[in-house]
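>>> Just to be clear, the model below is a prediction. Sequence and coordinates:
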Amino acid sequence: MLKAEFVEEAVKHGGSTKREKRIKPKFKTGQKVRTRNLNPIGHTRLPRYVRGKLGVIHHDHGIFVFPDTNASGLGEKPQHVYSVRFEAKELWGAPGTGGGVIYIDLWDDYLEPALKRAKPKRVRK
Amino acid sequence: MNGIHDLGGMHGFGPVVREKDEPVFHADWERRVFGLLTATLALRKWNIDEFRHAIERMGAAHYLESSYYEHWLHAIETLLIEKGVISRTELDAKIAELGKQEP
């Protein structure tokens, strides 16, 4: 139950999903990353327009609950969330983007090191 | 999920209308829905991510035709029923009862 004394805090700030845990970040500020091409049937906060795109880690926000698992009863799976910087050109193509950039908050599990796909491994059949 | 909510990059919705001195709520019922979410989250039957997913599971046409706080209300109703707090029958009965009271 929501007690009267907690209402103001709940309305003003909501419940934070930040977690004070010691979990190593997978990426460092300034590192080039590529977003994974994920298409889960459940909840995700990785928008379609930024899947499989190259960006740069701009800032590490700290550790937060992972929405994809938390939305489907699979636990909090806390991990680092970063502000990732993308060139508008990377997301929308060259014409009309005018050198703009976009910053998107993304979780560790949405990202992989940029080099991984730039040099694909040879697949043996 | 690749649902209608993921609108980034889609065309055809017209310009984003910016209201000058936009109020927090455009109608009194929106204020009530805001309070309803805070109160029902405190039941600890679901979390904020389940709530967002409940909005995303709305039918595509319904999602586009309804407003921000209608999305909230839809998700609260969906979760109250799915988590067994109330039944669909109870909800429908209450809606019918309130509908009769309207002038």
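Structure's in. What do you need?
>>> so who does the closest residue to residue A:98 other than its chain neighbours touch?
Excluding its sequence neighbours, the residue lying closest to residue A:98 (CB to CB, 6 or more residues apart in numbering or on different chains) is residue A:88, at 7.2 Å. Glycine gets a C-beta too; all of them are placed from N, C-alpha and C. The neighbourhood of residue A:88, defined by CB atoms under 8 Å, 6 or more residues apart in numbering or on different chains, consists of A:97-102.
>>> residue contacts, residue 23?
No chain specified, so I'll use chain A. Contacts of residue A:23 (CB under 8 Å, 6+ apart): A:63, A:78-80.
>>> wrong chain, I was asking about chain B
Neighbours of residue B:23 in contact, by CB under 8 Å, 6+ apart: none.
>>> ok so, going back, just to be careful, could you list which of the contacts of residue A:88 are in strands?
Residues of those located in strands (DSSP state E): A:101-102.
>>> about what we covered before: and the residue nearest to residue A:98, how far from residue B:9?
11 Å (CB to CB, to the nearest Å).
>>> swap in residue A:68?
Residue A:68 is 21 Å from residue B:9, by CB to CB.
>>> Tell me which of those two has more neighbours.
The neighbour count for residue A:68 versus residue B:9, taken as other CB atoms under 10 Å in any protein chain shown, is higher for residue A:68 (21 against 11).
>>> so what strands line up beside the helix or strand where residue A:80 lies?
Following DSSP states H and E, one finds residue A:80 within strand A:79-87. Strand A:79-87 pairs in its sheet with strand A:54-64 (antiparallel), strand A:101-107 (antiparallel), by DSSP bridges.
>>> before we move on, the earlier item: by neighbours, which of the contacts of residue A:88 wins?
Going by other CB under 10 Å, residue A:102 tops those with 17 neighbours.
>>> how about residue B:4, what does it touch?
B:58, B:60, B:63-64.
>>> Let's see if you can find the most crowded of those residues.
Ranking the contacts of residue B:4 using other CB under 10 Å puts residue B:58 first, with 20 neighbours.
>>> wait, isn't it in contact with residue B:71?
Yes: if you go by CB atoms under 8 Å, residue B:58 and residue B:71 touch, sitting 6.7 Å apart.
>>> what residue lies at the spatial centre of chain A?
Closest to where the C-alpha atoms of chain A average out (CA atoms, centre = their mean) is residue A:106, at 1.3 Å.
>>> Give me the nearest residue to that residue, chain neighbours excluded.
residue A:84 (5.0 Å).
>>> Pull the number of nearby residues for that neighbour.
24.
>>> what's the answer for residue B:3, then?
Neighbours of residue B:3 using other CB under 10 Å come to 17.
>>> For the residue nearest to the centre of chain A, name its beta-bridge partners.
residue A:82.
>>> so who does it touch?
So residue A:106 contacts A:35, A:45-46, A:50, A:81-82, A:84 (CB under 8 Å, 6+ apart).
>>> same deal with residue A:102?
A:85-86, A:88, A:91.
>>> Need those residues in a markdown table (columns: distance to residue B:25 and pLDDT).
A markdown table is the format used below for those (distance: CB to CB, whole Å; pLDDT from 0 to 100):
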| residue | distance to residue B:25 | pLDDT |
| --- | --- | --- |
| A:85 | 35 | 98 |
| A:86 | 34 | 96 |
| A:88 | 34 | 92 |
| A:91 | 33 | 94 |
